[in-house]
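Engineer: need a structure here:
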Amino acid sequence: MERSAESRNVDNYEMLAEYYDVLLQDEEALSLWLDYIEKEPFSTVLELASGSGVMAGILKKKGYEITASDISEKMKEVSVKNYDGEYLLLNMTDYHLNKKYDLVLCICDSINYLYEEELSSFFRCAYEHLNEKGRLIFDMHHMKRLEEFREQYIEEGYVCGVPYQWTIQSEPEDKEISEHFTFYTDEGMILENHNQNVFDIETVKKYMKDLFDIEVIEDFIEDEKVLIVGYRK
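Structural biologist: Down below sits the predicted model:
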């Protein structure tokens, strides 16, 4: 069947959400996150940027009381295949739930979607939703990823029978990483662009230090992910 030459741009995760688990799921990272999350006891969890609900589903099956959330309505829609609990639509820099949790969780480099000026609100909201001595756990891109993607990465193939192209390229001087997805559907090309900001550890600690005692695992995944734990003061 011929595919249309028409093209259109869509918002973040409007198209990618459908293929997220196939293209981007990282089983190794999921196992590492889970091992670290369970190092200390907890019962209640607020997960930010839950995406397709994989981690929320795992934690619920283990018996934890979890509230999932994301800013993307499309990701919430596709999450039903992985998670059947409470899932809120919210902005992780501005929410008020009138509830506190033992753990606030934000994985998959989701914090890198924020601008530096939003970090203070992100940490303040997490702090206000944690029980005394509760934990905030999040990961972010390692600074070395800026050099890794200085030269453009290109991947092409088929996902669920749909041809796609995925490119990643960094702007090291601006500390930015851009990902571009093109899906070649029968209705035309669907283009989806994702831009992320890469933060150095000291910048992040600057916004956390008044609210949290901080633990940093700089090579949580070597040269790829930094994991940071904030213990509510």
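Engineer: ranges for the strands of this structure?
Structural biologist: 7-10, 44-47, 65-70, 87-89, 101-106, 130-141, 153-159, 162-171, 176-185, 188-197, 212-221, 225-232 (DSSP state E).
Engineer: and the residue nearest the centre of this structure?
Structural biologist: Ser110 (2.8 Å; C-alpha atoms, centre = their mean).
Engineer: show me the contacts for that residue.
Structural biologist: Leu48, Ala49, Gly51, Met92, Phe138 (C-beta atoms under 8 Å, 6 or more residues apart in numbering). Heads up, the C-betas are built off the backbone N, CA and C, glycines and all.
Engineer: mind doing that once more with 7 Å?
Structural biologist: Leu48, Ala49 (C-beta atoms under 7 Å, 6 or more residues apart in numbering).
Engineer: state the pLDDT value of it.
Structural biologist: pLDDT, Ser110: 97.
Engineer: hang on, the earlier thing: can you put the strands of the chain in JSON lines and add mean neighbour count and mean pLDDT?
Structural biologist: JSON lines is the format used below for the strands of the chain (neighbours: other C-beta atoms under 10 Å; pLDDT from 0 to 100):
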{"stretch": "strand 7-10", "mean neighbour count": "12", "mean pLDDT": "77"}
{"stretch": "strand 44-47", "mean neighbour count": "24", "mean pLDDT": "98"}
{"stretch": "strand 65-70", "mean neighbour count": "22", "mean pLDDT": "98"}
{"stretch": "strand 87-89", "mean neighbour count": "16", "mean pLDDT": "98"}
{"stretch": "strand 101-106", "mean neighbour count": "23", "mean pLDDT": "98"}
{"stretch": "strand 130-141", "mean neighbour count": "21", "mean pLDDT": "97"}
{"stretch": "strand 153-159", "mean neighbour count": "11", "mean pLDDT": "97"}
{"stretch": "strand 162-171", "mean neighbour count": "17", "mean pLDDT": "97"}
{"stretch": "strand 176-185", "mean neighbour count": "18", "mean pLDDT": "96"}
{"stretch": "strand 188-197", "mean neighbour count": "17", "mean pLDDT": "95"}
{"stretch": "strand 212-221", "mean neighbour count": "15", "mean pLDDT": "96"}
{"stretch": "strand 225-232", "mean neighbour count": "20", "mean pLDDT": "98"}
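Engineer: next, format those strands as a markdown table and append distance to Ile37.
Structural biologist: Formatted as a markdown table, those follow (distance: least, C-beta to C-beta, whole Å):
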| stretch | distance to Ile37 |
| --- | --- |
| strand 7-10 | 32 |
| strand 44-47 | 8 |
| strand 65-70 | 11 |
| strand 87-89 | 19 |
| strand 101-106 | 7 |
| strand 130-141 | 6 |
| strand 153-159 | 29 |
| strand 162-171 | 27 |
| strand 176-185 | 25 |
| strand 188-197 | 23 |
| strand 212-221 | 12 |
| strand 225-232 | 10 |
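Engineer: between those, which one is nearest to Lys206?
Structural biologist: strand 212-221 (10.4 Å; C-beta to C-beta).
Engineer: outline the domain layout of this structure.
Structural biologist: Under the assignment automatic domain parsing, the domains of the chain span 7-14+145-196, 17-143+199-232.
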